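Enquirer: next comes the sequence, and after it the predicted model I'd like to discuss.
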Amino acid sequence: MSGLALVHSRARAGIHAPAVRVEVHLGGGLPSLSIVGLPEAAVRESKDRVRAAIQCSQFEFPARRITVNLAPADLPKDGGRFDLPIALGILAASGQVPVDALAEVECLGELALTGELRGIEGALPAALAATDAGRSLLLPIASAAEAALAEAADVYSARTLLDVCAHLQGVRPLPRAVAAPIDHTVAEGPDMADVRGQPQARRVLEIAAAGGHHLLLIGSPGCGKTMLASRLPGILPPASEAEALESAAIASIAGHPILPGRWRQRPFRAPHHSASPVALAGGGGEPRPGEISLAHTGVLFLDELAEWSRPSLEVLRQPLESGRVTISRAARQADFPARFQLVAAMNPCPCGWAGDPSGRCRCTADQIARYLGRISGPLLDRIDLHLSVPRLSPRDLRQNGACSESSAQVRARVEAARNRQLARAEVCNARLDEHTLERDCPLSPDAETLLDRAMDRLHFSARARSRILRVARTIADLAGSTSITTPHLAEAIGYRSLDRLQTGIAARATG
Ligand SMILES: Nc1ncnc2c1ncn2[C@@H]1O[C@H](COP(=O)(O)OP(=O)(O)O)[C@@H](O)[C@H]1O
Ligand SMILES: [Mg+2]
């Protein structure tokens with residue numbers, strides 16, 4: 001007699017969870033277990049775990065010729081998560097679990113030798129996909145609560161292989177997994193009210209938030225760059241439900257905890273400048289998302305920009321353009337979302353004190369020029385806003401003067417400006433394409449003349465011109481103005497200070 005069983009499961013590819021059919025066939029011949037469709041090392045380990053788990057659970061491991069096929073063969077598969085479906089397939093094919101019961105369910109889970117189930121990564125994407133397929137999902141307890149965050153999903157949590165079998169036999173139904181309650185209010189992070197003075201920096205932060213513009217802060221140590229950057233997520237409009245779910249799916253794949261209490265809060269990631277290209281972009285044998293994907297829908301803060309290695313910064317290029325990152329490694333490819341808002345910070349010179357009223361900077365003009373020149377032109381080109389942040393005197397810092405506006409107050413203006421943009425072009429200003437830019441940024445003759453003169457005198461590139469227009473559009477939106485006027489444009493031009501410095505450097509280098 002030969003037995004056949006089919007179990008539904010899921011692989012992971014990027015933030016998706018493509019379907020995998022686990023087919024098990026029991027045939028005549030010498031007892032053996034062969035698994036096809038998995039990488040060799042994973043097969044060896046999985047075989048041992050599945051055999052031990054079945055025996056430890058007081059089931060019979062069939063003394064037959066067992067063939068397990070994981071289809072489609074070309075899907076990348078990491079081993080552990082298929083232990084449970086393989087074990088269930090063997091039990092069903094040998095008549096120890098009803099085959100029919102497997103038709104309406106999907107399952108995932110790594111088995112310990114004792115038959116206990118261990119958690120897997122990417123449970124949330126699997127739950128979303130299983131729901132689309134109209135099937136329920138059986139998961140290890142450790143992964144079930146996360147999967148239950150997918151609201152429409154039908155998730156059951158199991159402690160052991162035995163529990164799963166009792167459920168399928170209709171003897172002892174598994175408990176439904178419940179997600180921790182999601183908090184849909186915006187959790188309070190660091191607040192703008194804590195920032196004293198710095199009207200210019202507050203203004204630029206608001207413009208960056210309103211238009212989704214990337215931002216570079218230049219200033220001496222302790223002037224508040226980190227403090228300002230960390231307050232950007234709090235003045236951005238709260239993440240939409242779709243965005244929150246996408247962020248959660250990325251965290252799930254990365255094996256990071258998902259915090260339902262901070263569901264609508266946008267992420268803030270601040271990797272160290274020694275971070276490798278892989279840590280930033282993602283990678284590894286089973287491609288995992290990197291910092292730029294963990295910052296998806298939120299803020300990526302690169303402190304000490306001048307200290308970052310070229311290869312690390314190079315990986316930012318594609319995602320800055322497309323909002324996605326593709327990781328290629330040997331035959332495998334993974335694609336992760338990476339639409340982040342970049343905030344970079346740097347010192348104004350090697351010692352960090354150029355321009356400080358204390359006069360302690362001893363850097364020469366050449367040293368400063370070389371230092372600023374380290375930031376690659378193409379990266380700088382993609383940053384809409386540059387700002388020098390002055391250092392407050394100890395007296396200003398101590399002063400208990402009038403309280404600053406709170407993040408909630410700023411966020412209200414930001415949301416109003418965003419809504420104008422979305423109603424007009426469906427994207428925020430930072431992502432306007434050239435065509436829409438021309439359509440939505442008509443300039444008055446005065447403004448046109450001003451821009452032409454600035455282009456000429458300050459040697460702006462065509463790219464820089466578009467950046468200026470996008471920022472001017474945002475400034476007008478914050479002011480509730482349909483047209484871009486000269487003051488809007490003049491303010492936007494003021495935020496390209498590093499272009500001028502770099503043009504100066506280039507001019508001197510060639511001159
Ligand atoms: N404008 C400010 N208002 C209130 N505190 C400030 C301000 N600027 C700096 N500080 C204080 O100085 C400390 C150093 O700021 P930080 O953001 O780390 O500076 P940077 O990143 O530029 O080196 C912060 O902990 C903050 O408390
Ligand atoms: Mg800092």
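Expert: Perfect, thanks for sending it. Ligands and ions are numbered 1, 2, ... in the order given.
Enquirer: so which strand or helix has the residue nearest to Lys225 when sequence neighbours are not counted?
Expert: Using Cβ to Cβ, 6 or more residues apart in numbering and skipping the chain neighbours, the partner closest in space to Lys225 is Ala345 (4.0 Å). For glycine as for every other residue, the C-beta is placed from the backbone atoms N, C-alpha and C. Ala345 is part of strand 341-346 when elements are defined by DSSP states H and E.
Enquirer: test my guess that Lys225 contacts Leu217.
Expert: Yes. Counting by Cβ atoms under 8 Å, Lys225 does reach Leu217; the two are 4.5 Å apart.
Enquirer: common neighbours of those two, please.
Expert: Residues touching both Lys225 and Leu217 (Cβ atoms under 8 Å, 6 or more residues apart in numbering) are 345, 389.
Enquirer: quick revisit: the strand holding Ala345: how far from the chain's middle?
Expert: Centroid separation for strand 341-346 versus its chain: 16 Å, with Cα atoms, centre = their mean, to the nearest Å.
Enquirer: who does it pair up with?
Expert: strand 215-218 (parallel), strand 299-302 (parallel) (DSSP bridges).
Enquirer: in the protein, what residue is nearest ligand 1?
Expert: At 2.9 Å from ligand 1, Gly224 is the closest residue in the chain, using Cβ to the nearest ligand atom.
Enquirer: go ahead and confirm that residue touches Val195.
Expert: Yes. Gly224 is in contact with Val195 according to Cβ under 8 Å; the separation is 6.9 Å.
Enquirer: need the overlap of contacts for these two.
Expert: Ala201.
Enquirer: and the biggest helix by length in the chain, what's buried?
Expert: When the chain is parsed with DSSP state H, its longest helix is helix 407-425. By 16 or more other Cβ atoms under 10 Å, the buried positions in helix 407-425 come out as 407, 410-411, 413-415, 417-418, 420-421, 424-425.
Enquirer: before we move on, what about stretch 328-339?
Expert: Buried residues in stretch 328-339, counted by 16+ other Cβ under 10 Å: 334-339.
Enquirer: which outside residues touch that stretch?
Expert: The contact list for stretch 328-339 (Cβ under 8 Å, 6+ apart) reads 13-15, 76, 246, 250, 253, 282-285, 287, 289-290, 292-293, 295-297, 319, 323-327.
Enquirer: I'd like the buried residues of stretch 328-339 as a markdown table, with pLDDT, secondary structure and distance to ligand 1 appended.
Expert: Output for the buried residues of stretch 328-339, formatted as a markdown table (pLDDT from 0 to 100; DSSP: H, G, I helix; E, B strand; the rest coil; distance: Cβ to the nearest ligand atom, whole Å):
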| residue | pLDDT | secondary structure | distance to ligand 1 |
| --- | --- | --- | --- |
| Ala334 | 84 | strand | 34 |
| Asp335 | 89 | strand | 34 |
| Phe336 | 93 | strand | 29 |
| Pro337 | 94 | strand | 28 |
| Ala338 | 96 | coil | 24 |
| Arg339 | 95 | coil | 25 |
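Enquirer: any idea how far Leu469 is from Ser481?
Expert: 14 Å (Cβ to Cβ, to the nearest Å).
Enquirer: ok, now Ala295?
Expert: Using Cβ to Cβ, Ala295 is found at 26 Å from Leu469.
Enquirer: so between those two, which is more surrounded?
Expert: More crowded of Ala295 and Leu469, by other Cβ atoms under 10 Å: Ala295, with 28 against 23.
Enquirer: doesn't Pro267 make contact with the more buried one?
Expert: Yes. Using Cβ under 8 Å, Ala295 is in contact with Pro267, at 5.5 Å.
Enquirer: next up, the contacts around Thr436.
Expert: Ala425.
Enquirer: and with 10 Å instead?
Expert: Each residue near Thr436 by Cβ atoms under 10 Å, 6 or more residues apart in numbering is listed here: 424-427, 429, 473.
Enquirer: could you dump those into TSV with pLDDT and distance to Leu437 added?
Expert: Shown next, in TSV, are those (pLDDT from 0 to 100; distance: Cβ to Cβ, whole Å):
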residue	pLDDT	distance to Leu437
Arg424	92	12
Ala425	91	9
Glu426	91	14
Val427	92	11
Asn429	95	9
Arg473	96	8
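Enquirer: most widely separated two among the residues you listed?
Expert: Glu426 and Arg473 (14.1 Å; Cβ to Cβ).
Enquirer: higher neighbour count, those two?
Expert: Neighbour count, other Cβ under 10 Å: between Glu426 and Arg473, Arg473 has more, with 29 against 10.
Enquirer: separation between the more buried one and Leu489?
Expert: 10 Å.
Enquirer: which neighbours do the two share?
Expert: Here Arg473 and Leu489 share the contacting residues Cys441, scored by Cβ under 10 Å, 6+ apart.
Enquirer: low-confidence ranges, this protein, go.
Expert: 1-2, 40, 76-77, 79, 184-187, 330-331, 399-403, 499-511 (pLDDT under 70).
Enquirer: not counting its neighbours along the chain, what's nearest Leu138?
Expert: Cys107 is the one closest to Leu138 (Cβ to Cβ, 6+ apart), at 4.1 Å.
Enquirer: check contacts around Ser358.
Expert: 220, 391, 393 are the contacts of Ser358 under Cβ under 10 Å, 6+ apart.
Enquirer: for these, could you give me TSV that also reports neighbour count?
Expert: Shown next, in TSV, are the contacts of Ser358 (neighbours: other Cβ atoms under 10 Å):
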residue	neighbour count
Ser220	22
Arg391	19
Ser393	12
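Enquirer: near ligand 1, from the residues you listed?
Expert: Restricting the contacts of Ser358 to those touching ligand 1 (Cβ under 6 Å from any ligand atom) yields no residues.
Enquirer: now these in JSON lines, with secondary structure?
Expert: Output for these, formatted as JSON lines (DSSP: H, G, I helix; E, B strand; the rest coil):
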{"residue": "Ser220", "secondary structure": "coil"}
{"residue": "Arg391", "secondary structure": "coil"}
{"residue": "Ser393", "secondary structure": "coil"}
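Enquirer: all helices of the stretch 301-450 of the chain, in order?
Expert: In the stretch 301-450 of the chain, the helices defined using DSSP state H, counting those that start in this stretch lie at 310-314, 317-322, 365-373, 377-381, 394-398, 407-425, 434-440, 445-458.
Enquirer: show me which positions of the third one end up buried.
Expert: To tie it back to what came earlier, the one meant is helix 365-373. 368-369, 371-372.
Enquirer: likewise the first one?
Expert: Within helix 310-314, the residues that qualify as buried by neighbour count (16+ other Cβ under 10 Å) are 312-314.
Enquirer: please apply the same query to the second one.
Expert: Of the residues in helix 317-322, those with enough neighbours to count as buried (16+ other Cβ under 10 Å) are 319-320.
Enquirer: only C-alpha atoms, please: export that helix in CSV.
Expert: Taking Å, rounded to 0.1, in the frame of the first residue of the first chain, the C-alpha atoms of helix 317-322 are listed here in CSV:
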residue,chain,number,x,y,z
ARG,A,317,21.4,55.3,-4.0
GLN,A,318,18.9,52.9,-5.5
PRO,A,319,16.5,53.0,-2.5
LEU,A,320,16.7,56.8,-2.5
GLU,A,321,15.4,56.8,-6.0
SER,A,322,13.0,53.9,-6.0
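Enquirer: how close does Arg196 sit to Val410?
Expert: 15 Å.
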